[in-house]
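# Give the three-dimensional model of this entry:
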Amino acid sequence: MEEIKEMLRMMQEEVIQQRVDMLAMKEDIKSTINNNINEKFKNLEIKNEQLEQKLDLQKLKIDNFEKTLRRKNLLFFGVEEREKNYQELEKKVLDIINNILNIKCEKHYIESVRRLGIKTDKVRPIVITLLTMGMKIQILKNKKKLENSSYYIKEDYPLEVLNKRKELQREVAMLREQGKKAIIKYDKIVILKNSNQQELKKIQNKKRNLSESPEMTTCSTAENKKTQKQPTKINKFNNNMNSYILKKPTLTLYDNTPSKTCSSERNTE
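Residues are numbered from 1 along each chain as shown. Okay, here's the model as predicted:
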């Protein structure tokens, strides 16, 4: 019986040890799996970040490229859609620029003209690509001359920039209500400095300069007064006797008032 009991005890110990070993193996497997998964996730995160950076860079390049393409473009709105071919459309655009805007623009200044979008009942705007930026700036400067006509001109922006500009309109309106000169430049708000503020700065600078000058002038006037109050030294001996004899004798009086010179040849009563 004792041998059987000993065998059972040993079997129980082996079973317990096996359970402990199995639990340890499970923990090891879990830790290795977790470590592998974590490492894979880290690698995926790094790759994802690299891809995002590449996408941002590509997007920036595309935006810059699109901005460069549209840089010399202008949009003409309200131009009647009666042309039958490219030449007639180009002629109409040149007529508006030369006759209404009063800008001398020849055919070679225009790179291309085309209607924007699919033809519908509404009049489509015209996209004009100019050859030089100077011509574009000149047209934009003179676009106020179209106020009395059905035509108007705008710059050609990408769709994202147009949406951004619409969002900024409210903020610009609020800034203008506050008295600030706010404008939208491309896709950002620019606040112009008021001329009044510049004048105030100039006045303040002048006041600062003037605040220093009175001290200098008072010092100089004080020194001048001192020099005026000090009596001039009289030489008892004159080197030139002849000049001494020829000069009329004078008497100098000194008091608080400025120095007075009285001639000795006064008329007696």
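# so where's the stretch 151-269 of the chain uncertain?
194-269 (pLDDT under 70).
# For stretch 115-122, give me every contacting residue.
75, 81, 89, 124-127 (CB atoms under 8 Å, 6 or more residues apart in numbering). C-beta coordinates here come from the backbone N, C-alpha and C atoms, glycine included.
# what's the first-to-last distance across that stretch?
12 Å (CA to CA, to the nearest Å).
# same thing with stretch 144-163?
25 Å.
# Return the set of buried residues in it.
146, 151, 153, 156-157, 161 (16 or more other CB atoms under 10 Å).
# Need the residues that contact that stretch.
By CB under 8 Å, 6+ apart, stretch 144-163 touches 63, 66-67, 70, 73-79, 96, 100-102, 127, 139-140, 143, 165, 186-187.
# among those, which are in strands?
73-77, 127 (DSSP state E).
# can you tell me which two in these are farthest apart?
The span of the ones in strands among the contacts of stretch 144-163, defined through CB to CB, is set by 73 and 77 at 13.4 Å.
# did I read that right, residue 190 in a helix?
No. Using DSSP: H, G, I helix; E, B strand; the rest coil, the secondary structure at residue 190 is strand, not a helix.
# That one touches residue 183, doesn't it?
Yes. At 5.5 Å, residue 190 and residue 183 qualify as touching, with contact defined as CB atoms under 8 Å.
# chain center to the longest helix seen in the chain: distance?
Ranked by residue count, the top helix of the chain under DSSP state H comes out as helix 2-70. Relative to the centre of its chain, helix 2-70 is centred 50 Å away, using CA atoms, centre = their mean, to the nearest Å.
# could we number from 53 for the rest of this?
New numbering, starting at 53: the last item is helix 54-122.
# Run through the neighbouring helices and strands of that helix.
For helix 54-122, not one helix or strand is in contact under the criterion 3 or more CB pairs under 8 Å, 6 or more residues apart in numbering; DSSP states H and E.
# which residues of the stretch 153-302 of the chain fall in strands?
Using DSSP state E, counting those that start in this stretch, the strands found in the stretch 153-302 of the chain span residues 162-167, 178-182, 204-207, 233-237, 240-244, 302-305.
# pLDDT score for the nearest residue to residue 157 once chain neighbours are set aside?
Nearest residue to residue 157 in three dimensions, chain neighbours excluded: residue 149, at 4.4 Å (CB to CB, 6 or more residues apart in numbering). If you check residue 149, the pLDDT there is 95.
# any idea how far residue 149 lies from residue 192?
12 Å (CB to CB, to the nearest Å).
# Between these two, tell me which one has more neighbours.
residue 149 (25 against 13; other CB atoms under 10 Å).
# Could you pull up the residues touching the more buried one?
155, 157, 191.
# cool, residue 191 as well?
Residue 191 neighbours (CB under 8 Å, 6+ apart): 126, 149, 153, 155, 157, 182, 205.
# The fifth one contacts residue 148, doesn't it?
What it means is residue 157. No. Using CB under 8 Å, residue 157 is not in contact with residue 148; the gap is 9.5 Å.
# Just the residues contacting stretch 108-125, thanks.
So stretch 108-125 is contacted by 163, 179-185, 188, 207-210, 212 (CB under 8 Å, 6+ apart).
# per-domain residue ranges of the protein.
53-121, 123-208, 209-270 (automatic domain parsing).
# Deepest-packed of these, please.
domain 123-208 (a mean of 14; mean count of other CB atoms under 10 Å).
# Show only the entries of the buried residues of stretch 196-215 found in helices.
residue 213.
# what's the closest of the buried residues of stretch 196-215 to residue 58?
Distances from residue 58 to the buried residues of stretch 196-215, taken by CB to CB, are shortest for residue 213, at 89.2 Å.
# any idea how far residue 128 is from residue 88?
63 Å.
# was I right about residue 228 contacting residue 235?
No. Assessed by CB under 8 Å, residue 228 is found out of contact with residue 235, at 9.4 Å.
# From residue 54, how far off is residue 60?
Taking CB to CB, one finds residue 60 at 11 Å from residue 54.
# no, scratch that, I was asking about residue 196
From residue 196 to residue 54 the distance is 118 Å (CB to CB).
# same deal with residue 120?
98 Å.
# Before I go, just wanted to say thanks for your time.
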